[in-house]
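K.L.:
Next input, structure requested:
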Amino acid sequence: HVMRISRFRATNIGRIESMDVEIPAAGGVVLGCNMSGKTTMLEAVEAALEARGVGKDDRHKLLKRGTEKGEIILDLDGIDGAVTVRRHLSTKNSSVTVKDANGGEPASGPQTWLKDHVLGGLPIHPMRFFKADLAEQKRMILEARPLVVDRALEQRFFPGLKDGLVDRSGHGLVAVERYH
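P.N.:
Got it, this is the predicted structure:
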């Protein structure tokens, strides 16, 4: 179930008073000066899809300072069709709805549907990956795709290596990196 964000809208979220962005099918890049709302946009997507940062003690951090309510709306397109995710936030509560193009809602409930259809199958969590430093990103990639180098693999890729790799411990790519 691969889905992409085709439109992002937010009102009174972090540094964003009001934003409506259509995202082309080829993807996009978010550019801006420091403190212009780039990170807020990522945090808003994370809040809408995962309910991250919307708990009772955290909502005030996500809402624009001086406001009591805000909203994040994501239009998602995928093989199974289009859906709209709407996360409403206020100082008192948070709610999420997921509706298809006909206004229908998933039987499993919105948060369960999001987990199963949008985030559940990914080996790397995209928001955590974007926020991580390079060392952590490398660790996440290696963890997502384990690789063990055994003697047969060594002989296949290093035919001239007489005694094999000295240290095969850890991820296979790390073991090969130690060799080079």
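
K.L.:
Have a look at the protein and report the helix or strand with the lowest mean pLDDT.
P.N.:
Of all helical and strand segments in the chain, the minimum by mean pLDDT, DSSP states H and E falls on helix 172-179, at a mean of 70.

K.L.:
so where do the strands sit in the chain?
P.N.:
With DSSP state E as the criterion, the chain has strands at 3-13, 16-22, 69-78, 81-90, 94-100.

K.L.:
The fourth one: how far from the chain's middle?
P.N.:
To tie it back to what came earlier, the one meant is strand 81-90. Computed by C-alpha atoms, centre = their mean, to the nearest Å, the chain-centroid distance of strand 81-90 equals 16 Å.

K.L.:
For residue 140, see how far away the residue nearest the centre of the chain is.
P.N.:
Most central in the chain under C-alpha atoms, centre = their mean is residue 126, positioned 2.9 Å from the mean C-alpha point. Distance, residue 126 to residue 140, using C-beta to C-beta, to the nearest Å: 10 Å. For every residue, glycine as well, the C-beta is placed using N, CA and C.

K.L.:
For the least confident helix or strand of the chain, name the packing helices and strands.
P.N.:
Helices and strands touching helix 172-179, as assessed by 3 or more C-beta pairs under 8 Å, 6 or more residues apart in numbering; DSSP states H and E, are absent.

K.L.:
Nothing else from me, thank you.
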